[in-house]
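In: need a 3D model of the sequence below.
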Amino acid sequence: MKQSQFFAPTLKQVKSDNPGHAYLLRGGFIRQLAAGIYSYLPLGWRVLRKIENIIREEMDRAGALEIVMPVLHPQELWAETGRDKLDILFRLNDRKETPFVLGPTHEEVVTDIVRSSISSYKQLPVNLYQIQTKFRDEERPRGGLLRGREFVMKDAYSFDRDIDGLNASFDKMVIAYQNIFKRCALDAKMIEAYGGGIGGFDTREFAAPAPSGEDVMLYCEADGYAANLETATSILESVENRTDISENIEEFATPGVITIEQLEQFEGGATAVHQIKTLVYVADGETVIALLRGDHQLNEAKLSTALTASEIRPATEEEIVELLGAHPGSLGAVQVSGIKVLSDNALQGRHHMTTGANKDGFHIRGVDISRDIEVTDWVDLRTANAGEKSPLGGGELQETACIELAHIFKLGNKYTKAMNATFLDENGKSQIFEMGCYGIGVSRILAAIAETHHNDRGLVWPDSVAPFDVHVLALDKNLELQADAEKLYTELTAAGFDVLLDDRNERPGVKFAEADLCGIPRRVVLGKKYIESGEVEVKRLGEESTFVKLDEIVKTVQSL
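Out: Model prediction:
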């Protein structure tokens with residue numbers, strides 16, 4: 001294709017924390033319409049289509065069947081699973097005031113298809129997938145294509161007769177995803193992950209390490225452990241209980257002390273490891289208390305998982321005072337009853353602890369958790385940290401920023417049971433489908449490749465997804481040179497290459513700079529040297545140039 005037909009790159013700098021995103025904008029691949037909403041221009045659309053084709057080939061190879069489902073969903077369908085109140089939903093009414101939502105995902109829709117189409121175990125297993133635009137009302141769209149309000153996703157859904165079948169379908173998707181990312185030249189690691197609003201069990205993410213990534217991964221090279229920060233665990237060093245205070249509960253005044261750090265400095269207080277941090281949350285409308293060691297941070301994803309809650313939020317100050325009679329900073333769970341109390345595992349067996357007295361300006365010490373607090377459940381609630389020991393015992397955890405590329409879930413019967421999706425087994429007995437869900441961010445892959453394949457001048461696309469195979473630059477207005485460039489363009493195209501010919505009336509410096517931005521992996525240059533000696537410059541980005549005669553170009557490019 002001729003570059004004069006394309007939206008021109010721009011050499012102007014773009015403000016962005018993500019260099020790959022800046023190059024996509026400057027290179028004329030995408031244009032922003034609104035926060036989290038982008039147009040794909042010709043170059044970007046070609047990359048996106050190549051990614052889609054790789055995904056299709058691997059999904060088809062794994063036995064999945066492609067379909068297309070509606071973007072517009074009746075809200076009543078989402079009400080069947082209780083997800084109609086999710087904050088991420090874009091909502092609208094038709095002219096009859098019938099409520100609809102724009103689909104951020106399609107568990108309800110595909111389950112509705114299967115429950116009305118598959119009635120026998122003989123029709124199982126089945127895996128249906130689509131590649132489609134999704135909509136999510138993100139509170140803070142950021143990272144360009146990494147977290148948008150409109151995005152392209154491949155979502156697949158498997159239906160099996162039992163858990164063994166679900167496990168087999170899940171394993172096939174793992175292999176398919178590994179192949180997809182390998183072909184897209186992404187170093188994607190499969191890590192333990194949080195299920196979020198979709199839920200399920202044995203959830204896994206595929207994430208690519210990248211300095212500009214918005215997620216955090218903890219991993220251990222020695223034993224292979226890897227998990228998203230939302231689910232990561234670690235082994236803690238043991239802490240000895242205090243012996244310098246009474247084992248009986250004692251209330252003491254702490255005027256103005258409302259933080260862990262202030263209590264550490266207060267005379268008669270306690271170091272953070274000997275304090276109980278008390279937090280109040282509202283989970284799906286129910287008020288709960290979460291307890292942690294004073295030096296630990298609550299992991300909200302773990303709290304949500306422990307409560308199997310769709311939505312959680314910190315309680316307001318007014319709600320806290322009404323519940324416990326004190327303001328944040330003076331809270332505790334001693335002798336509190338009638339409220340669900342979740343305690344982090346690190347507090348098990350602890351005594352001689354200090355916590356709030358549920359009276360402003362007062363704390364209590366000498367707390368024995370097993371004796372003085374009615375703990376409903378002991379769970380992992382804390383955020384793990386780099387430097388702590390891997391739960392597999394192989395060494396210390398390391399931390400790296402990463403980009404989430406895909407998320408796969410074993411949903412079990414969460415959706416199929418709620419929607420009464422059943423089939424008949426070989427005995428004629430009604431059974432509920434076991435379901436899996438497999439999402440992969442198509443536009444996220446494009447963004448992740450840009451973030452991990454660039455240099456200080458622009459993008460460097462892998463062959464498999466590059467918008468073109470060869471970039472031909474004609475750097476002189478000489479009519480003979482222009483004609484030879486056209487001839488070369490035709491010959492390379494006939495040889496099976498996708499070729500972009502820069503036929504624009506621009507200075508050589510501009511053409512080189514913009515070619516660097518575009519990042520097409522092979523470059524053929526007809527310039528001064530061609531006029532002087534008949535030699536054409538041929539190179540692969542990042543490698544040294546070679547100079548050959550015009551009739552050797554096709555063979556030389558093929559060798560690259």
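In: so what's Glu251 bridging to?
Out: Ile364 (DSSP bridges).
In: how far is the host helix or strand of Asn127 from where the chain is centred?
Out: Asn127 belongs to strand 126-135 when assigned by DSSP states H and E. Computed by C-alpha atoms, centre = their mean, to the nearest Å, the separation of strand 126-135 from the middle of its chain amounts to 17 Å.
In: mind listing what it pairs with, with the direction of each?
Out: Partners of strand 126-135 in its sheet, by DSSP bridges: strand 65-66 (parallel), strand 150-160 (antiparallel).
In: wait, what's in contact with the most centrally placed residue in the chain?
Out: In the chain, the residue lying closest to the centroid (C-alpha atoms, centre = their mean) is Glu404, at 3.0 Å. Glu404 makes contacts with Glu205, Phe206, Ala207, Glu214, Asp215, Asn228, Gly441, Arg444, as judged by C-beta atoms under 8 Å, 6 or more residues apart in numbering. Where C-beta positions appear, they are placed from N, C-alpha and C, glycine not excepted.
In: now Ala401: which helix or strand?
Out: Following DSSP H and E, one finds Ala401 within strand 398-412.
In: show me what Ala227 bridges to in the sheet.
Out: On the basis of DSSP bridges, Ala227 is bridged to Glu192, Leu218.
In: in stretch 123-140, what's buried?
Out: By 16 or more other C-beta atoms under 10 Å, the buried positions in stretch 123-140 come out as 124-132, 134-138.
In: ditto for stretch 154-171
Out: Buried residues in stretch 154-171, counted by 16+ other C-beta under 10 Å: Lys154, Asp155, Ala156, Tyr157, Ser158, Phe159, Asp160, Arg161, Gly165, Leu166, Ser169, Phe170.
In: just how off-centre is the strand holding Ala401 within its chain?
Out: Offset of strand 398-412 from its chain centre (C-alpha atoms, centre = their mean): 6 Å.
In: can you list the domains in this protein?
Out: Taking automatic domain parsing as the domain assignment, the record places the domains of the chain at 20-209+403-451, 250-379, 470-559.
In: mean pLDDT lowest where, among those?
Out: Comparing mean pLDDT across the domains of the chain, the weakest is domain 470-559, with a mean of 90.
In: off-centre distance for it?
Out: The chain centre lies 39 Å from the centre of domain 470-559; the measure is C-alpha atoms, centre = their mean.
In: between the two ends of it, how far is it?
Out: One end of domain 470-559 sits 13 Å from the other (C-alpha to C-alpha, to the nearest Å).
In: give me the neighbour count for the nearest residue to Ala309 once chain neighbours are set aside.
Out: Spatial nearest neighbour of Ala309, chain neighbours left out: Ala283 (3.9 Å); criterion: C-beta to C-beta, 6 or more residues apart in numbering. Neighbour count of Ala283, defined by other C-beta atoms under 10 Å: 20.
In: same question, Arg95
Out: Arg95: 5 neighbours (other C-beta under 10 Å).
In: how about Ile175?
Out: By the criterion of other C-beta under 10 Å, Ile175 has 12 neighbours.
In: next, the contact list for Ser430, please.
Out: Residues near Ser430 by C-beta under 8 Å, 6+ apart: Thr422, Phe423, Leu424.
In: ok, now which ones touch Tyr194?
Out: With contacts defined as C-beta under 8 Å, 6+ apart, Tyr194 is in contact with Thr203, Asn228, Glu230, Thr231, Ala301, Lys302, Ser304, Thr305.
In: pipe these into TSV and attach distance to Leu33 per row.
Out: Shown next, in TSV, are those (distance: C-beta to C-beta, whole Å):
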residue	distance to Leu33
Thr203	32
Asn228	30
Glu230	31
Thr231	35
Ala301	31
Lys302	37
Ser304	33
Thr305	36
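In: ranges for the strands of the stretch 301-450 of the chain?
Out: Here the stretch 301-450 of the chain has its strands, by DSSP state E, counting those that start in this stretch, at 312-314, 340-344, 353-356, 362-367, 377-379, 398-412, 422-424, 430-432, 434-441.
In: follow-up on the earlier one: determine which two of the buried residues of stretch 154-171 are furthest apart.
Out: Longest distance between any two of the buried residues of stretch 154-171 is 24.8 Å, between Lys154 and Arg161; criterion C-beta to C-beta.
In: ends of stretch 464-481, how far apart?
Out: End residues of stretch 464-481 are separated by 30 Å (C-alpha to C-alpha).
In: buried ones in it, by neighbour count?
Out: 465-475, 478, 481.
In: now stretch 362-376
Out: Buried, per 16+ other C-beta under 10 Å, within stretch 362-376: Phe362, His363, Ile364, Arg365, Gly366, Val367, Asp368, Ile369, Asp372, Ile373, Val375.
In: hang on, the earlier thing: dump the strands paired with strand 126-135 to a markdown table, plus distance to Ala450.
Out: Formatted as a markdown table, the strands paired with strand 126-135 follow (distance: least, C-beta to C-beta, whole Å):
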| stretch | distance to Ala450 |
| --- | --- |
| strand 65-66 | 26 |
| strand 150-160 | 15 |
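In: which one of those strands lies nearest to Trp461?
Out: Nearest of the strands paired with strand 126-135 to Trp461, taken as C-beta to C-beta: strand 150-160 at 17.9 Å.
In: how distant is that closest one from the center of its chain?
Out: 14 Å.
In: circling back: just name the most buried of the strands of the stretch 301-450 of the chain.
Out: For those, average neighbour numbers computed from mean count of other C-beta atoms under 10 Å are highest in strand 353-356, which has a mean of 27.
In: related to what we said a few turns ago, contacts for the strand holding Asn127?
Out: Residues outside strand 126-135 that contact it (C-beta under 8 Å, 6+ apart) are 52, 55-56, 59, 62-69, 71, 90, 102-106, 110, 113-114, 118, 149-159, 169, 172-173, 438, 442.
In: in contact with Val538, which residues?
Out: Counted by C-beta under 8 Å, 6+ apart, Val538 has contacts Arg522, Arg523, Val524, Val525, Ser545, Thr546, Phe547, Val548, Ile553, Thr556, Val557, Leu560.
In: next up, phi/psi of the fourth one, please.
Out: Pointing back at Val525 there. When read as degrees, to the nearest 10, the backbone of Val525 gives phi -120, psi 120.
In: hmm, it is touching Val536, no?
Out: Yes - if you go by C-beta atoms under 8 Å, Val525 and Val536 touch, sitting 6.9 Å apart.
In: picking that back up, okay, the strands of the stretch 301-450 of the chain in a markdown table with distance to Gly44 next?
Out: Shown next, in a markdown table, are the strands of the stretch 301-450 of the chain (distance: least, C-beta to C-beta, whole Å):
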| stretch | distance to Gly44 |
| --- | --- |
| strand 312-314 | 37 |
| strand 340-344 | 45 |
| strand 353-356 | 54 |
| strand 362-367 | 58 |
| strand 377-379 | 44 |
| strand 398-412 | 18 |
| strand 422-424 | 42 |
| strand 430-432 | 42 |
| strand 434-441 | 15 |
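In: do you know which of the ones you listed lies nearest His454?
Out: Among the strands of the stretch 301-450 of the chain, the nearest to His454 by C-beta to C-beta is strand 398-412 (13.7 Å).
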